[in-house]
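Participant: generate coordinates for the sequence data below:
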Amino acid sequence: MNSRPAVGFDAVCALLETALRGATRQEIVEHAATATDFRRALVRLRDGMRAHAWTTASLPLNLASSVSRYDTKTRQEGFHALNDWDGLTDHVNADTIPVDVLNFLIENRGEGPPDPIALAILLDYYFMHVLALASLRVWDEGRADEQLDRLQSLLRDLQGSNGSGQLFAADAESLILIATCHYEREERGYDLLLERVQTLSHAHRVQIALGHAASIGSHLRFGFEATYARDTTKTRDDNVADYPWLCFALATLMREYARMQAADVHGLERDRIVEALLNGLSPDARAFVGDHPPASLLTSEAERVEFRDLFRKHRSALLDEFERFRPQDEGYSPLAFFFNFSHNVLKGTVVDALLRGEPWPLTLNDLLTGVPADDSKNTERRALAQTLMGYARAHPSPIRGRMMPVIVYDPATGRQSMSVAMGKMRE
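Facilitator: Residues are numbered from 1 along each chain as shown. Presented below is the predicted three-dimensional model:
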């Protein structure tokens, strides 16, 4: 018989509410900022991040036991939600991702007076990772939908008026994506997590599908173009864990599209569904709309067949709607956005905000959609995507014996990818 956690999910959320809703974060930043220079201020903040504990004027905040317990359970299930993989040394980094970023800032901006804005962004980035870790534990006590809604409330607090102004995610469902979207040497955790996601409410599943279809689409397009030299077989063989997740996302969104089509529903909600379907299909449409799926989809065959049959039923209408989302040289399109891992997109956004000392008012989700086409955010989306590509070009990674950027924004390549996918969907 499984024992209940020493501290339940509600109690952990109560601790986080204390940190996010009151003056706790401001007091942590103010204390760090009293240091004589920025480097010492960052070291003070790092001490708290590593200990998962702070003493403030209001009250002590200690998340150490809860974070340790959740992190241990999550690692046992196959995920390192708080720590990144070092591809050069082939091991998981000892420090958490927020501390890695803080150390980078010490090296690159440590001189001069303390910057309270940068300190606040870093602190929020830390708490975002704690929420992302908690998103993988919402099933522990049997009330996953309720607990995910609780995290949604905490995410609003994190990104609200008491914070730095830096945004991370549009919804709690995206915290699951953020927690699992970096490299894992062993991919054993993804199947279990997908089984759990399938138990969530319809509304939660649709939100997860929107984020994952767009994210995996961009991830696989990058792999196809850069890592696997446009070889579909290699793309499939090296991304076995991604295909069942993409199948779930596409099937979920296809059901929504069929429902909207039957009810003659139009508008932004439908546009986001159509855009995400196109994004998810763009790297390997034939795997889902054809009759010869890759081996990685064998366990998802019923869901894949359901998707295929619904797609074929609505193919004519869908292909017409897809054309509205063809990447243009102006504006912003997620189909022109290619990256190795969503985690690097979010991390790069935070790093740029820290180097500039100014938060980006965009979430990861904002970069996964261009809907509506006249959205005022699209100028900022494009600027951020191009900024991230600039960093990636300045700091390329070794891929197939060549140094390549791991984040690319290229409408021309996006149009080419879409044209190839559209051809496969018409077969």
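Participant: which SSE is immediately downstream of the helix or strand hosting Arg39?
Facilitator: Remark: Arg39 resides in helix 38-51, with elements defined by DSSP states H and E. Scanning forward in sequence from helix 38-51 by DSSP H and E, the next helix or strand is strand 53-55.
Participant: neighbouring contacts of that following strand?
Facilitator: Judged by Cβ atoms under 8 Å, 6 or more residues apart in numbering, the contacts made with strand 53-55 from elsewhere in the structure are 24, 28, 48, 60-64. C-beta: built from backbone N, CA, C; applies to glycine.
Participant: and the helix or strand following that strand, which strands flank it?
Facilitator: Moving toward the C-terminus from strand 53-55, the next helix or strand (DSSP H and E) is strand 60-62. Its sheet considered, strand 60-62 pairs with strand 53-55 (antiparallel) by DSSP bridges.
Participant: what about His343, distance to Tyr183?
Facilitator: His343 sits 8 Å away from Tyr183, taking Cβ to Cβ, to the nearest Å as the criterion.
Participant: for Met260, same thing?
Facilitator: Taken as Cβ to Cβ, the spacing of Met260 relative to Tyr183 amounts to 36 Å.
Participant: which parts of the chain belong to which domain?
Facilitator: Domain assignment for the chain by automatic domain parsing gives 9-180, 201-427.
Participant: which among those is found nearest to Leu194?
Facilitator: Proximity to Leu194, assessed across these by Cβ to Cβ, is greatest for domain 201-427 (5.9 Å).
Participant: show me how far the closest one is from its chain's centre.
Facilitator: Using Cα atoms, centre = their mean, to the nearest Å, the mean C-alpha position of domain 201-427 is found 12 Å from that of the whole chain.
Participant: show the end-to-end separation of it, please.
Facilitator: Its first and final residues considered, domain 201-427 spans 34 Å by Cα to Cα, to the nearest Å.
Participant: packing partners for the worst-scoring helix or strand of the chain on mean pLDDT?
Facilitator: Per-element confidence for the chain was summarised using mean pLDDT, DSSP states H and E. The lowest value among helices and strands belongs to strand 85-86, with a mean of 86. Secondary structure elements in contact with strand 85-86, counted by 3 or more Cβ pairs under 8 Å, 6 or more residues apart in numbering; DSSP states H and E, are strand 91-92.
Participant: show me what the strand it packs on is packed against.
Facilitator: Judged by 3+ Cβ pairs under 8 Å, 6+ apart, strand 91-92 is in contact with strand 85-86.
Participant: just want the most central residue of the chain.
Facilitator: Ile178 (3.6 Å; Cα atoms, centre = their mean).
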